[in-house]
Structure formats: C-alpha cells, structure tokens
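Colleague: sequence-free structure coming up:
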DNA sequence: TGACATACATACAATACGGTCGGTATCTTG
DNA sequence: CAAGATACCGACCGTATTGTATGTATGTCA
C-alpha cells in the first residue's frame, strides 16, 4: 500500500510527508503500547512507510522518541494557544475555563486523550535522558503557560497564599497525569474527569469561591 | 555467585526463596526501566538466579507481571496497615496523618518511592489485561482503605459535600501518581511532595480548616 | 539537460529476547 | 533408606528487533 501515492513537493527539507506520518503514528501507537513495547516496525506499518524511511528521518529509535516529544509539545502548544479558554477578562475565569477545557477534551479511546510525554516519562526517565528531558520540557512548558493567569488572579483577588503560581500550575498537570493513570487502570475516562472536578473545587477554594454546587451540574460538555 | 547459598526449607510450597527474590528484583528493576524494557534476564541477574528458576516459578513474563502487582499490593498493604497514621481518634486527623505519611516516605532514588503498579499500568493497560487488572486492584484497593476515615470525617463534621468519599480517596492516589511522573521527569522528589502539599490544603479546605500556614512549616519529617 | 541531493524502498546482518528442555540437587513422605 | 516431588541450573531454539547497506526514483538547480 501507499506505493504509488504522489509524493508531496519538498519545499521544507526537514518536514517530509513520511516524517510527519511517522511522528503521528508514533504518537498514537506509543500511547497505546508504551515506548519500549512499540517496535520500529509497528510505527512504520502504522504510518504506511518502510524502515528505510524511518531511519532516513531518525537516526535511532531514541531520536524518534525525542522528536515525538517535541512534536507533541508543538502540536499541543498550538492547540491550547488557540483554545477558547483565554477569552475571559478575569484571570481566575481563564484558569477555571482552562480546567473546564481540559475536562471537556477527555473522552473517546484512552490513546486519544492521554498524554504521550507523561507515558514516555514513566518508561524512560532512568534510561533515556534525552527523551526524558524533552518530555519534561513539554510538561513544564505547558504548565508555565498557566502561571501568568494564576499569578494575575492571585494578585487581583489579594489572596495571601503560601503557594506559588508555578507550583499550582505544576499541580494541575500532576492531577491530569494521575487521572490518566486511573483511567488506564479502569478503562474509564470518568476517572480522569473526576480528578479535574476535585482540582476545580480546590482552585475555587483557594480563591474563596465557596459555591460548590456549580461543579458538575452547570458545566456540561 | 549465590551458587552455594543454603536453600531455605520449603515449608510453604508457593513461597520459595528464588521466587521472592525474583519478585523483589522485578519490583525494583521495573520501577527503573519499565516493564517492557526489563528483560527476563535483567530480573534473573538482579535476583541472582537463572532463567530456569524464573520459568519454574512463573509461566510467562506476563505472569510475573501479575504476580509482581499482587506482591506489591500485599507488601504495601501490610506497610500501610501497620503505619502510625491510624492512631488519631479524629477521623479527619487520620486522613491528614495519612497524607503526611505519604509525603514523608517520598525520598531517595526515584525507584525507591515511586509506584510499581502505576508504572506498569501506563505501559500495559491496552496490551496485558491481566497485569492491568492486578494493578487496578492494587491502586483501588489501597484507595478503598481511606474511604471509611473520609466518610467518617464527613459525617462527623457535618460537611454537606457534593463529592463522595470514594472519589476523594481515588483523587489522593491520582495526585500521588501524577506527582511521581513530575518527579521522574525532573529527577526531583520535591515535585511529588509538592503535590501532596496541595492535596493537604485541599482536604483542609473541604473540611473548613482554614489555617493554611500549618502546611510545610509545622510538619516536618 | 546534466549533476547532485533528498526521499524513500528492500534485503540483510547482528544480536537480544522469551521460552523450552534435559538434567541435577534437595526436600518430603512413608 | 526408597521414591517421588519440588527447586533450580544452564545450554539451546526460533523469532523479533534495531540498525545497515545498497539501490532507485524524484525533486532542485546551474
């Protein structure tokens, strides 16, 4: 298959069609089976290319892992940058809208909503530093995009906190990652959504919004 | 090595010395390298036994994974059952003492404090249902040991909650699992402890203990 | 159009891996 | 002590896996 597919014109030398297909295949297959259990052949077959193409674009399997983590950071970065949760004027509303958005995009098959870099981190943190660092950049880089809104909300509301915006931002990612593990363990996406609900309740409590009934009744997706 | 070690008397047929050594080796090696990247030879070498012993005690590598998850559930079960956090008379104090305990035992090398079954779940959830189910039993079984105290605290304090004790108990595990991922990504155990601090603050808020300064200043380990 | 770089495909090499098998030592039981 | 069961050893087998070497088609550019 794919034998006589028209090859796209290569204007950008570093972004061939096969390369992107390999990265997207890696993203999905690794989220299903994990990094180590995913063979190069698996990825090639899923991408519809041969091993020659794979090793033309990536020097080693580990190099693919690094590239996949960076690709993940890029694509999710643009997804979240263009998401609607930045609209509210109130910074706290933006933070809560972010959490609603995160909850809303949880659904479908496990491999569709879980986090590639969280999965890879667990596996390679002690054996493949290059992949681990790329994963850490992705997770912490995304967390950093929340800091400004959190800090602005804290300043605006005059909350005298003994936590930092950076720490709370990281905590949101930890809750999501932990929720994904419970969802994988049970096969139930609600396990991940449940954690976001607790997180929303926590953030509201931190900012002294005591209306608990607003959660999981008014917000639907 | 280990060639002339005295073999223990086999009173319990199902608990030979090699079997236990294999399970403990698997526990530590898998926490370092992950399940798929850990070879049977790796485990045998770490345990100081041969492959013959391995396949005598475990039919397949997957069977070892299931046994390792059950062994993890057993050993951590007795650890937590005999831990001092059950002492307080007040159920909420027991819950908070549990969280302090969880925070206190985070430290040392990553493979020493992270969760075996959380790690394995991420990898095999879609490919090895038997392992996944054993991991789910371990995580949810441990969460269930918290439910009674949480529910007792809720009833005693008259908290009109729109969350369930089971859900909050699961959330504690999700926060821990997520913290482990951040700790692995950064190599910093504080990332995991930080999440527990947020969780403690959340639980205190749920039960209307508004003294935030108590955290991370009065509690040391 | 010719020369070259890029983008693949295919076959193959080296080895790592899970699992098997025959054998031996030790324990249990009568 | 006899005899079977259990525990363990270590060589071996077939396959899967990563990576390489070579060939070929296509685009680029002077």
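Modeller: In hand now; what should we look at? Every value quoted in this text rests on a predicted model; they were computed, and no experiment measured them.

Colleague: give the next helix or strand downstream of the helix or strand containing residue A:177.
Modeller: Using DSSP states H and E, residue A:177 maps to helix A:165-186. Using DSSP H and E, the helix or strand that directly follows helix A:165-186 along the chain is helix A:190-206.

Colleague: name the helices or strands packed onto that following helix?
Modeller: The contact analysis (3 or more C-beta pairs under 8 Å, 6 or more residues apart in numbering or on different chains; DSSP states H and E) places helix A:190-206 against helix A:91-104, helix A:165-186, helix B:165-186, helix B:190-206. Using the backbone N, CA and C atoms, a C-beta is placed for each residue, glycine as well.

Colleague: reformat those as JSON lines; add distance to residue B:48, mean pLDDT and mean neighbour count.
Modeller: Below are the helices and strands packed on helix A:190-206 laid out as JSON lines (distance: least, C-beta to C-beta, whole Å; pLDDT from 0 to 100; neighbours: other C-beta atoms under 10 Å in any protein chain shown):
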{"stretch": "helix A:91-104", "distance to residue B:48": "46", "mean pLDDT": "98", "mean neighbour count": "20"}
{"stretch": "helix A:165-186", "distance to residue B:48": "32", "mean pLDDT": "98", "mean neighbour count": "26"}
{"stretch": "helix B:165-186", "distance to residue B:48": "27", "mean pLDDT": "98", "mean neighbour count": "26"}
{"stretch": "helix B:190-206", "distance to residue B:48": "31", "mean pLDDT": "98", "mean neighbour count": "23"}
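
Colleague: which of the ones you listed sits closest to residue B:130?
Modeller: Judged by C-beta to C-beta, the one of those that comes nearest to residue B:130 is helix A:165-186, at 13.0 Å.

Colleague: hmm, that closest one in reach of chain B?
Modeller: Yes. Helix A:165-186 reaches chain B (C-beta under 8 Å from any C-beta of the partner chain) through A:167-168, A:170-171, A:173-179, A:181-182, A:184-186.

Colleague: tilt between that helix and helix A:91-104?
Modeller: Helix A:165-186 and helix A:91-104 are oriented at 20 degrees to each other (axes from the mean of the first three to the mean of the last three C-alpha atoms, to 10 degrees).

Colleague: that older thread, got the helices and strands packed on helix A:190-206 as TSV, with distance to DNA strand D columns?
Modeller: Below are those laid out as TSV (distance: least, C-beta to the nearest atom of the strand, whole Å):
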stretch	distance to DNA strand D
helix A:91-104	32
helix A:165-186	21
helix B:165-186	21
helix B:190-206	30
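
Colleague: export these to a markdown table and append columns for distance to residue A:122.
Modeller: Output for these, formatted as a markdown table (distance: least, C-beta to C-beta, whole Å):
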| stretch | distance to residue A:122 |
| --- | --- |
| helix A:91-104 | 20 |
| helix A:165-186 | 9 |
| helix B:165-186 | 6 |
| helix B:190-206 | 13 |
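
Colleague: how about these, which one is nearest residue A:25?
Modeller: Nearest of these (C-beta to C-beta): helix A:165-186, 20.2 Å.

Colleague: which neighbouring elements make contact with the closest one?
Modeller: So helix A:165-186, by 3+ C-beta pairs under 8 Å, 6+ apart, packs with helix A:91-104, helix A:110-113, helix A:129-157, helix A:190-206, helix B:116-124, helix B:129-157, helix B:165-186, helix B:190-206.

Colleague: residue B:89 is nearest to which of these?
Modeller: Of all the helices and strands packed on helix A:165-186, helix B:129-157 sits nearest to residue B:89, with 10.6 Å by C-beta to C-beta.

Colleague: packing partners of that closest one?
Modeller: If you count contacts as 3+ C-beta pairs under 8 Å, 6+ apart, helix B:129-157 packs onto helix A:165-186, helix B:61-81, helix B:91-104, helix B:116-124, helix B:165-186.

Colleague: and these: which comes nearest residue B:35?
Modeller: helix B:116-124 (5.0 Å).

Colleague: circling back: now the angle from the helix holding residue A:177 to helix B:190-206?
Modeller: 90 degrees.

Colleague: and the pLDDT for residue A:72?
Modeller: Looking at residue A:72, its pLDDT reads 98.

Colleague: residues contacting it?
Modeller: Residue A:72 makes contacts with A:27, A:116-117, A:138, as judged by C-beta atoms under 8 Å, 6 or more residues apart in numbering or on different chains.

Colleague: can you pick the most crowded of those residues?
Modeller: Neighbour counts for the contacts of residue A:72 (other C-beta atoms under 10 Å in any protein chain shown) peak at residue A:117, which has 27 neighbours.

Colleague: please parse chain A into its domains.
Modeller: A:1-58, A:70-214 (automatic domain parsing).

Colleague: about what we covered before: which of the residues of helix A:165-186 next to chain B lies closest to DNA strand C?
Modeller: residue A:184 (21.2 Å; C-beta to the nearest atom of the strand).
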